[in-house]
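> Quick check, what structure comes out for this input:
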Amino acid sequence: MGKPDIISDDDRYLFHEGRHFRSYRMLGAHPASREGVSGVRFAVWAPHAREVRVAGDFNAWQGSRHPMRRLERSQIWELFVPSLEAGACYKYEIITPAGERRLKADPYAFWAEVRPGTASRVFPLDGYPWRDERWREEKGCRGGSGRPMSIYEVHLGSWRRNPGGAYYSYRQLADELVEYAAGLSFTHLEVLPLAEHPLDGSWGYQTTGFYAPTSRYGNPDDLKYFVDKCHARGLGVILDWVPGHFCKDDHGLRLFDGCPLYESGFAALAENPGWGTLNFDFCRPEVWSFLIANALYWLDIFHIDGLRVDAVANMLYRDYGKQAGEWLPNRHGGKEDPEAVDFLRKLNEVVHNCYPRALIIAEESTTWPQLTGPVYRGGVGFDYKWNMGWM
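The predicted model follows:
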């Protein structure tokens with residue numbers, strides 16, 4: 001399932017069922033070969049699009065040179081581009097149902113241009129020479145079980161700067177931040193969001209590229225080096241992860257194929273007025289595949305040890321941060337979001353099944369019952385609840 005150069009019927013079925021938990025192996029831009037020729041296979045979910053093309057620095061941003069084909073009985077478009085290599089910049093040129101042309105970053109892009117650039121970049125998922133086998137086998141990272149934890153929370157762009165104000169790279173941070181935290185006997189680093197984001201001031205909490213480690217500090221292999229060094233010094237890595245909402249920027253997920261896709265078609269459900277963002281539509285199974293696969297992606301590909309899930313209350317309650325008349329009640333007339341609750345339960349089940357020692361922590365500010373109770377007993381399944389009193 002999910003081979004880099006094949007999209008099977010099973011792949012498509014599981015994706016549309018909301019159960020393709022490694023969908024990042026199917027969608028996105030993957031180095032591959034066809035009939036002995038090396039290149040890159042592109043695949044994107046765009047059910048409402050009239051046409052989809054690949055535009056990039058390899059075709060003068062003229063997508064008409066590389067039209068994609070829609071797979072049979074599917075909402076997925078695919079194209080193999082020969083002789084393309086890692087580092088190439090690209091976007092999807094989408095012709096909407098209304099005939100408009102839109103250039104969109106790849107939702108499954110594994111790397112992106114440094115802001116203010118917004119193009120996606122080709123980067124292979126595999127090939128980094130990991131050296132943390134002993135850590136993965138012996139420690140994993142799970143807290144609890146009588147093992148104390150001391151967590152150092154850090155925004156990589158704020159911890160320390162180079163002369164002149166330039167950000168430290170992932171590799172500089174691996175040399176200095178890791179030694180600093182280990183020297184103070186911390187057991188974990190909790191890193192503020194690393195998924196690509198356009199605004200420095202958001203600290204990563206308003207995301208455009210959920211699968212692209214921010215290029216502010218280097219490339220994806222540089223981030224792997226950082227995690228590798230953390231594990232070598234006995235530090236677990238917890239990543240702040242934001243699965244509740246996303247930016248409205250034109251190159252991002254908003255109206256991706258000309259219609260609401262990752263967001264609800266009902267403004268009262270989609271709009272997040274407090275943050276100026278859009279909430280994910282948890283009624284859509286493909287969104288489940290996108291987000292649960294994203295959680296596993298950080299653990300699979302970057303060896304992250306745990307996730308601190310941001311703004312869980314915004315997901316649990318439809319009226320969170322909204323005034324009367326700005327939200328829609330659920331089918332029972334309440335303010336709870338049952339689809340989001342089901343999503344969180346499935347997320348915690350899947351991650352714990354794949355990584356029994358992973359930490360999943362809820363940043364949640366209300367009295368929701370059994371937030372850390374096991375799913376099989378009616379709980380939501382988190383390991384811990386973040387102490388909001390420390391903020």
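
> Convert the C-alpha atoms of the host helix or strand of R12 to PDB, please.
In this structure, R12 sits in helix 9-17 according to DSSP states H and E. Extracted C-alpha coordinates of helix 9-17, given in PDB (Å, rounded to 0.1, in the frame of the first residue of the first chain):
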ATOM      1  CA  ASP A   9      -7.300   0.800  -5.600                       C
ATOM      2  CA  ASP A  10      -6.800   0.100  -1.900                       C
ATOM      3  CA  ASP A  11      -5.000   3.400  -1.500                       C
ATOM      4  CA  ARG A  12      -7.900   5.300  -3.000                       C
ATOM      5  CA  TYR A  13     -10.500   3.400  -1.100                       C
ATOM      6  CA  LEU A  14      -8.900   3.900   2.300                       C
ATOM      7  CA  PHE A  15      -8.200   7.500   1.600                       C
ATOM      8  CA  HIS A  16     -11.800   8.300   0.800                       C
ATOM      9  CA  GLU A  17     -12.900   6.200   3.800                       C
END
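
> Whichever strand or helix holds W77 pairs with which strands?
Taking DSSP H and E as the definition, W77 sits inside strand 76-82. Counting by DSSP bridges, the strands paired with strand 76-82 are strand 37-45 (antiparallel), strand 69-70 (antiparallel).

> Pick the most deeply packed of the ones you listed.
Most buried of the strands paired with strand 76-82, by mean neighbour count (mean count of other C-beta atoms under 10 Å): strand 37-45, with a mean of 21. For every residue, glycine as well, the C-beta is placed using N, CA and C.

> Name the next helix or strand downstream of that strand, please.
With DSSP H and E, the next secondary element past strand 37-45 is strand 51-56.

> so for that following strand, what's the average pLDDT?
Averaged over strand 51-56, pLDDT sits at 98.

> neighbouring contacts of that strand?
By C-beta atoms under 8 Å, 6 or more residues apart in numbering, the residues outside strand 51-56 that reach it are 42, 44, 46, 61-68, 70, 77, 79, 81, 88-95, 103, 119, 257.

> now do stretch 161-171
Contacts of stretch 161-171 (C-beta under 8 Å, 6+ apart): 156-157, 159-160, 172, 176-177, 216-218, 222-223, 225-226.

> Pull the contacting residues for P338.
N330, R331.

> distance between the helix or strand bottoming out on mean pLDDT in the chain and the chain's centre?
One helix or strand of the chain scores below all others by mean pLDDT, DSSP states H and E: helix 133-138, with a mean of 90. Here helix 133-138 is found 25 Å from its chain centre; the criterion is C-alpha atoms, centre = their mean, to the nearest Å.

> Which positions in it come out as buried?
W135 (16 or more other C-beta atoms under 10 Å).

> what's the angle from the next helix or strand after the strand holding W77 to strand 51-56?
Proceeding C-terminally, strand 76-82 gives way to strand 89-95 as the next helix or strand, assigned by DSSP H and E. Per axes from the mean of the first three to the mean of the last three C-alpha atoms, to 10 degrees, the angle that strand 89-95 makes with strand 51-56 is 160 degrees.

> list the helices and strands strand 89-95 packs on?
Counting contacts by 3 or more C-beta pairs under 8 Å, 6 or more residues apart in numbering; DSSP states H and E, strand 89-95 packs against strand 37-45, strand 51-56, strand 101-104, strand 120-121.

> switch the cut-off to 6 Å
Identification of packing neighbours for strand 89-95 by 3 or more C-beta pairs under 6 Å, 6 or more residues apart in numbering; DSSP states H and E yields strand 51-56, strand 101-104.

> nearest to L184, of the strands paired with strand 76-82?
Of all the strands paired with strand 76-82, it is strand 37-45 that lies closest to L184, at 43.6 Å by C-beta to C-beta.

> Look up phi and psi at Y225.
Reported as degrees, to the nearest 10, the phi and psi values for Y225 are phi -60, psi -40.

> Report the separation between the residue nearest in space to the middle of the chain and L291.
Central residue of the chain (C-alpha atoms, centre = their mean): F210, 3.1 Å from the mean position. As for F210, its distance to L291 is 8 Å (criterion: C-beta to C-beta, to the nearest Å).

> Same question for G28.
With distances taken as C-beta to C-beta, G28 is found 15 Å from L291.

> How about D240?
Distance, D240 to L291, using C-beta to C-beta: 15 Å.

> Likewise for Y317?
Distance from Y317 to L291, by C-beta to C-beta: 18 Å.

> out of these two, which sits in the busier spot?
Legend: neighbour count by other C-beta atoms under 10 Å for Y317 and L291, higher for L291 (23 against 18).

> Can you tell me the SS state at the more buried one?
Counting by DSSP: H, G, I helix; E, B strand; the rest coil, the backbone at L291 sits in helix.
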